[in-house]
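Undergrad: Requesting a structural model of the entry that follows:
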Amino acid sequence: MCEIFAGQQPNRYTPITRRIRLNGQSTSIRLEAAFWAILDEIAGSQGLSTPKFISTLHSEVLELHGEAANFTSLLRCAALVHLGEAEAGNAAPLAAE
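TA: Take a look at the predicted model:
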């Protein structure tokens, strides 16, 4: 069983830092490459660049809940929600890597 998880390519879980602007503020977000790939896919499906998608999501979170305690965790969970919707047939599945 663990071979499925342990055998994945290291480049999938390599942390990558991207500098973006959230509501005019410059910041860095560090996520694993696999999560960036999913966020890139979500953004593209919305006709947005990834920084614009993340900035829009951040604005909506602020409006709904106030400051997000851990925004990178929210991004990872957003990726999981997207994968769950794709599995359920509600979103386009990700292209094979």
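
Undergrad: could you pull out the strands for this structure?
TA: Remark: strands assigned in the chain by DSSP state E are 15-22, 25-32.

Undergrad: Make CSV from these and add distance to Leu64 and mean pLDDT to it.
TA: (C-beta placed from N, C-alpha, C; glycine too.) Compiled in CSV, the strands of the chain are given as follows (distance: least, CB to CB, whole Å; pLDDT from 0 to 100):
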stretch, distance to Leu64, mean pLDDT
strand 15-22, 15, 96
strand 25-32, 19, 96
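
Undergrad: Let's have those strands in CSV, adding distance to Cys2 and mean neighbour count.
TA: Shown next, in CSV, are these (distance: least, CB to CB, whole Å; neighbours: other CB atoms under 10 Å):
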stretch, distance to Cys2, mean neighbour count
strand 15-22, 22, 13
strand 25-32, 18, 13
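
Undergrad: Let me have those strands in a markdown table, extended by distance to Leu75.
TA: Below are the strands of the chain laid out as a markdown table (distance: least, CB to CB, whole Å):
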| stretch | distance to Leu75 |
| --- | --- |
| strand 15-22 | 11 |
| strand 25-32 | 6 |
